[in-house]
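A.B. asks: no sequence on this one, just coordinates:
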C-alpha cells in the first residue's frame, strides 16, 4: 500500500513540475505558484535617461536606458499641459510645467522629457500632480504624424495613475 501511495505521489509531482507549476518560499512559508512570477518592471528616473550631451553627438542615451529598451518600465513625473483635454499621448516631465509643448519653442523645454503614448484617449490629469507611468520603453527619433511632435524616448503606457 505504501509503495502505491509513493508511486502516485511521485507521478503527481512529475505532472506538477512538467506543467510549469512550481513551489517557492515566500515569507517563510512555501506557496504554490500556478503561473511563473512576472518580472518586475524596470524603475527609471529622469537621471537615468542620458549619460552625456555634446555639440558633436547631441544627447547620448545612458546604458541603463539602452538596456531597458523593449522592457516594461516604470517612471514617475508630471503630465505637461496638453493641447486638448482628451489626449492620445502626453509629455512626462521631471518637474511640473505650466506651458504646453505645442505653445512654446523647444528652447523652453528641458531635454529630459519622455513621450507617453496611450492605447486609448484619456482626459488630461492636473499638471501639478505627480503621476506613475508603466509601459514598454522605445528609443530613437520619432515624429508624430498628426502633430509633428518629435520624441527621442517613448513609453507605450499600459498603466497610468495619479500618485
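C.D. replies: Perfect, I can see it now. Owing to the predicted nature of the structure, the values given are computational and were not obtained by experimental measurement.
A.B. asks: residue boundaries of the helices in this protein?
C.D. replies: Along the chain, counting by DSSP state H, helices occupy 2-18, 63-68.
A.B. asks: mean pLDDT for these: which is lowest?
C.D. replies: Ranked by mean pLDDT, the helices of the chain end with helix 2-18 at the bottom, a mean of 46.
A.B. asks: who does the closest residue to residue 89 other than its chain neighbours bridge with?
C.D. replies: Closest residue to residue 89 apart from its sequence neighbours, by C-beta to C-beta, 6 or more residues apart in numbering: residue 117 at 4.7 Å. C-beta: built from backbone N, CA, C; applies to glycine. Beta-bridge partners recorded for residue 117 (DSSP bridges): residue 89, residue 156.
A.B. asks: Make 45 the starting number, not 1.
C.D. replies: From this message on, residue numbering opens at 45, which makes the last subject residue 161.
A.B. asks: Hmm, residue 131 and residue 161 touching each other?
C.D. replies: No - applying C-beta atoms under 8 Å, one finds residue 161 not in contact with residue 131, separated by 10.1 Å.
A.B. asks: quick one on the thing from earlier: tally of neighbours for the residue nearest to residue 133?
C.D. replies: By the criterion of other C-beta atoms under 10 Å, residue 161 has 17 neighbours.
A.B. asks: ok, it - contacts?
C.D. replies: Residues near residue 161 by C-beta atoms under 8 Å, 6 or more residues apart in numbering: 132-133, 179, 198-201.
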